[in-house]
Each structure stands twice: as structure tokens, then as C-alpha cells.
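[1] how would this look folded up:
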Amino acid sequence: MGAGRAGAGRCGVETGWRVRIRHSTFVEYEGEAASSYNEVRMTPVDDHRQATLDCSLVIRPATPVWTYRDYWGTHVSVFDVTGGHRTLAIEAEARVDTSPVRPLAKPLSWDLLRNVSGPVAELLRPTERTTITCGEVGLAQAHGRDPHETAEAIAWAVHERVEYVPGATGVLTSAQEAWDQGKGVCQDMAHLTVALMRAAGLPARYVSGYIHPAADAVIGEPVAGQSHAWVEYWSGEWNALDPTNRSKVGETHVVVARGRDYADVPPLKGIYQGPPAGRQEVKVEVTRLA
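    Numbering: from 1, shown residues only. Below you'll find the model as predicted:
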């Protein structure tokens, strides 16, 4: 998972970007797998911040694909490969119109935020990956700041605390572990930021997607992109921050999935019957089209 940032706009005043994403995953087993059962989250969402113009998903070996929206609003593609196979290839492609950084609306009061109800209230509760001890909760306290100021203070403090070191952590690393060792990747910074925001009384969710690595991207030039993770917090509406890049979220970011933590959003999740090991290759290509 990675880094990056940019700028532009929308609708007469400013316009965002049009981006094409190609996400390829190739799995090779050590022997023949008898069957596999899979969920894919690689289709960008279509919402107030971005518009997904078209998308496709190609599976090899060819197999029927079913789709549904999960509890958090993510587009999920489900497929089973029931015959013997030694490889599995998944190719997702989408074109998306993104938006620039949005102005912040006046936030709700702290009392209202700490007493929200419904699905938003679930995003005040810690999960296994977003649990932090009392020793660090002090960082998350408002100290006279409003919710927007608190959210930024937390995200930027995480950016300073955790050095970006690929390979320093794994998908099961918790927010506490990332804090203690001071190293990690975007997933760890997102988990830690979410944990501290929740501790401060801000509903917060984990966001997974893609990022173009260049703020001044050349139109029409494909580049090696990255899967990425950032956060959104609730202040009466959802607002996004990218602690890895110490930035607000704009036109370089493409949202695919949201949830309580990484367990709700993995691009590929499944089980298979077959050899105990294999290898996986992932490639993300991002092109700014306009």
C-alpha cells in the first residue's frame, strides 16, 4: 500500500480528474487446487465524491460472478471455481471521475457526536485491529479543539509517529503494535488513526482504494499505482484524511471499500481446497485520462 497526492476541482469552479485503474491479481498454486471460493472488492464506489463511469471484472478460469452490496456499501463480486485449476487470474478495470478536496461544513457538537445512533454508532467501537491502550488515548483528546481540528491533529500525529517502512508489518498488525514499534505502512497508519479518533469520540471508518502517486500526473500516461488506505470521520457528514501522506483526500484518491478496519475491505478474500502454499502477484496501473 502506498503514498501520493494531487490537486484540481469540479462543476464550473473546479474540476476533478478522470482516472482509469487496472488491478491484476495472479495466484499460482504449488499443485492443483480442487476448488476455490472467493470474494473480490475491486470495484470503485459510486457516491457524492466520485462517479464510477464503467467497470469490468474478468476471471480466469472463466466462471459465473454474482454481485452484492455489503453492509458498509461496498460492491462485492463473488465467484466459485469448482474444477481443478493451478492458477487463478483476476483482472479488474474501471474508469472513475474523482473530486478535489471538499470544504468542511460546520461540525456537530461533541455531545451529539458521542451519542450518535444507528450504523454510525458502530464506528465508535474499537475492533481487534483498532484497539489502543489508555496510555495513548491522551493523544486523542480534544483539548479545546473542534472535531475537525481534533481529527487533523490525530492524523498528523500518526504521520509523525509511524515511519513508512514497507514490510515492517503484516495484515494482522494492530494499531497498538504499529504505535509501539513506530513503523508500518498505510494500513497501519489508517488503523491507528481510526483507533485514536474513536477514542476521542469521533466515529471513524477505514477506507481502502487506490491512489495516483503524482500530483502533477501527465494525462494519458499509465503509471504503477498502489492500493492505499486512509480514514473518514463523521462530523455530521463524512470527511476524509490521509495520514500516510499528511494530506486531505482529493482527486488522486479512488474509494473502493469502507468498513470498521481492514478485515471488512480486503481486495481478495477466499478459501481453496488444494496444496498448502502458492504465490500471488498483484499489479495496479493508474492512468489520469482528464
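[2] which residues does residue 211 bridge with?
    In this entry, residue 211 is beta-bridged to residue 226, residue 253, by DSSP bridges.
[3] how many neighbouring residues does it have?
    28 (other Cβ atoms under 10 Å). C-beta coordinates here come from the backbone N, C-alpha and C atoms, glycine included.
[4] I figured it was touching residue 251, is that so?
    No: using Cβ atoms under 8 Å, residue 211 is not in contact with residue 251, being 10.4 Å away.
[5] tell me where the model's unsure across the stretch 101-250 of the chain.
    The stretch 101-250 of the chain contains residues with pLDDT under 70 at 134-143.
[6] which parts of it are strands?
    When assigned using DSSP state E, counting those that start in this stretch, the strands of the stretch 101-250 of the chain occupy the ranges 163-164, 183-184, 204-211, 222-224, 226-234, 238-242, 247-248.
[7] to residue 126, which of these lies closest?
    Closest to residue 126 of the strands of the stretch 101-250 of the chain, according to Cβ to Cβ: strand 204-211, at 10.5 Å.
[8] and that closest one, what does it pack onto?
    The contact analysis (3 or more Cβ pairs under 8 Å, 6 or more residues apart in numbering; DSSP states H and E) places strand 204-211 against helix 186-200, strand 226-234, strand 253-259, strand 278-288.
[9] contact partners of the shortest one?
    Looking back up the chat, that one is strand 253-259. With Cβ atoms under 8 Å, 6 or more residues apart in numbering as the test, strand 253-259 has contacts from 19, 21, 41-45, 47, 49-50, 72-74, 96, 98, 205-211, 228, 230, 232, 240, 242, 264-265, 267.
[10] related to what we said a few turns ago, for residue 34, find the nearest of the helices and strands packed on strand 204-211.
    That would be strand 278-288 among the helices and strands packed on strand 204-211, by Cβ to Cβ, at 13.5 Å.
[11] distance to residue 127 for the strands of the stretch 101-250 of the chain - can I get that in JSON lines?
    Output for the strands of the stretch 101-250 of the chain, formatted as JSON lines (distance: least, Cβ to Cβ, whole Å):
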{"stretch": "strand 163-164", "distance to residue 127": "23"}
{"stretch": "strand 183-184", "distance to residue 127": "17"}
{"stretch": "strand 204-211", "distance to residue 127": "9"}
{"stretch": "strand 222-224", "distance to residue 127": "31"}
{"stretch": "strand 226-234", "distance to residue 127": "14"}
{"stretch": "strand 238-242", "distance to residue 127": "19"}
{"stretch": "strand 247-248", "distance to residue 127": "25"}
